[in-house]
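> okay, sequence plus prediction incoming.
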Amino acid sequence: MKKTKVLTGITTTGTPHLGNYIGAIKPAIKASQSPDLDSFFFLADYHALIKTTDHNLIHQSTKEVAACWIALGLNTERAIFYRQSDIPEIPELSWLLSCVAAKGLMNRAHAYKNRVQNNLTNKEDSDYGITMGLFSYPILMAADILMFNATVIPVGRDQIQHVEMARDIAQRFNHLYGNLFDLPEAQIDENIKTLQGLDGKKMSKSYNNIIPIFLTEKKLKRHINKIKTNLLEPGETKDPKTSTVFQIWKSFATEEQTKEMEENYKNGIAWGEAKNLLFDLINSKLKEPRETYNQLLEKPNQIEEILSEGGKKARAKSQPFMKKIREAVGIKALRKS
């Protein structure tokens, strides 16, 4: 029976936070345990170059993101965990795809359109600050997906368009050169939770309201104490539905723990006590992974070995497939068959 191929990319431009953990890392790791799936996880360091020119940030983030996923339980024996830049067939495929992708399709990419609109709003030239990396970003993403013929791509709603573009490009390529690529589908899990940040908005680096996953206990407690609450006093009934503290609690707690906290809110728990309980809960869940994470950061060679092994597994698939693709477009040895 043919297994379903699932592919997830993680951009290496920052330190993972609790919103990443609840919304992406935890469900992805759980799904990767399924024997019916071939799971591919990659560090998108080429994509990171579109977002920043800080080479130290990209290098450090690559190490932190890899250590984070490993520490949180990614089974690198079952799943293929690799660094995008270790697979030279990906940028090669990206070029071949760019030769059949319509420029008009790229013009419709949301990230590009938004940047153009911002420039026009600010009375700048429409192309100001726009690189070819940003413009052709969807083609590189298509290469990431099509290189391994992944058919299920778990994404947020803001990323659906990229999967649809990969599908369009694959169809065009197949029409010209034969059915080489399976057509990918975006997978939207309506049950995936969006975590609120310190200020009650969606937890995001762009809002500067995140709680990094592997803070020290002291810093974790300090961050949790910064969570915005209302002015209700101890003893006054509080509404869990409007509470960021409760929303984060619910994302980590069992059903029984959630019911207990709801009762505490009804009985007027003090905000300080609620935050202390939240700290204890999160810290208990992350204490062991934090130790593993810190050990990995101190032993980058161990991370490198895991990524290198994943790269070998990935290239065992990408190399023969790339040979087939080259031959399909006419790039092959000049000898009689």
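Sure thing, it's come through.

> contacts and neighbour counts: CA atoms only from here.
Will do.

> where in the chain is pLDDT low?
1, 190-192, 337 (pLDDT under 70).

> list of residues touching stretch 139-151?
4-7, 47, 89-91, 93-94, 97-98, 101, 162-163, 165-167, 169-170, 181-185, 317-318, 321-322 (CA atoms under 8 Å, 6 or more residues apart in numbering).

> now the helices for the stretch 51-200 of the chain?
For the stretch 51-200 of the chain, the helices defined by DSSP state H, counting those that start in this stretch occupy 55-71, 89-98, 103-107, 110-121, 132-135, 137-146, 160-177.

> ranking those helices by burial, who's on top?
helix 137-146 (a mean of 24; mean count of other CA atoms under 10 Å).

> that one to helix 110-121, inter-axis angle?
Angle, helix 137-146 to helix 110-121, by axes from the mean of the first three to the mean of the last three CA atoms, to 10 degrees: 170 degrees.

> now the helix ranked longest in the chain: buried residues?
Assignment by DSSP state H gives helix 300-329 as the longest helix of the chain. If you call a residue buried by 16 or more other CA atoms under 10 Å, then helix 300-329 has these buried ones: 303, 306-312, 314-315, 318-319, 321-322, 325, 328.

> now the angle from that helix to helix 55-71?
100 degrees.

> for helix 300-329, what is the distance to the chain centroid?
How far helix 300-329 lies from its chain's middle: 20 Å, per CA atoms, centre = their mean, to the nearest Å.

> give me the nearest residue to residue 160, chain neighbours excluded.
Distances taken as CA to CA, 6 or more residues apart in numbering put residue 186 closest to residue 160, at 5.9 Å, once the chain neighbours are dropped.

> so the one you found makes contact with residue 163?
Yes. Using CA atoms under 8 Å, residue 186 is in contact with residue 163, at 5.9 Å.

> list residues touching both of these two?
With CA under 8 Å, 6+ apart, residue 186 and residue 163 have common neighbours residue 153.

> burial count for the residue nearest to residue 160?
Neighbour count of residue 186, defined by other CA atoms under 10 Å: 19.

> distance of it from residue 32?
Distance, residue 186 to residue 32, using CA to CA, to the nearest Å: 17 Å.

> over to residue 187?
Residue 187 is 14 Å from residue 32, by CA to CA.

> with neighbour numbers in mind, choose between these two.
residue 32 (22 against 16).

> tell me which helix or strand the closest residue to that one other than its chain neighbours sits in.
In this structure, residue 32 finds its nearest non-sequential neighbour in residue 39, 5.7 Å apart by CA to CA, 6+ apart. According to DSSP states H and E, residue 39 maps onto strand 37-44.

> which helices and strands does that strand pack with?
Counting contacts by 3 or more CA pairs under 8 Å, 6 or more residues apart in numbering; DSSP states H and E, strand 37-44 packs against strand 4-11, helix 55-71, strand 80-83.

> hmm, 6 Å instead?
Applying 3 or more CA pairs under 6 Å, 6 or more residues apart in numbering; DSSP states H and E, one finds that strand 37-44 contacts strand 4-11, strand 80-83.

> ok, now how distant is the nearest residue in space to residue 90 that is not next to it in sequence from residue 95?
Excluding its sequence neighbours, the residue lying closest to residue 90 (CA to CA, 6+ apart) is residue 143, at 5.8 Å. In this view, residue 143 and residue 95 are 9 Å apart by CA to CA.

> same check on residue 61?
Distance from residue 61 to residue 95, by CA to CA: 27 Å.

> number of residues surrounding the residue lying closest to residue 64 once chain neighbours are set aside?
If the residues on either side of it in the chain are set aside, residue 64 comes closest to residue 15, at 6.5 Å by CA to CA, 6+ apart. Neighbourhood size, residue 15 [other CA under 10 Å]: 20.

> can I take it that residue 15 is in a helix?
No. Counting by DSSP: H, G, I helix; E, B strand; the rest coil, one finds residue 15 to be coil, located in no helix.

> so it versus residue 3, what's the distance?
The value you get for residue 15 to residue 3, if CA to CA is used, is 32 Å.

> now swap in residue 272 and tell me
49 Å.

> neighbour-wise, which of those two wins?
Neighbours per residue (other CA under 10 Å) separate residue 272 from residue 3, with residue 272 holding more: 13 against 10.

> what's the helix or strand for the more buried one?
helix 271-298.

> and that helix, how far out from the chain middle?
22 Å.

> could you do stretch 78-93 as well?
15 Å.
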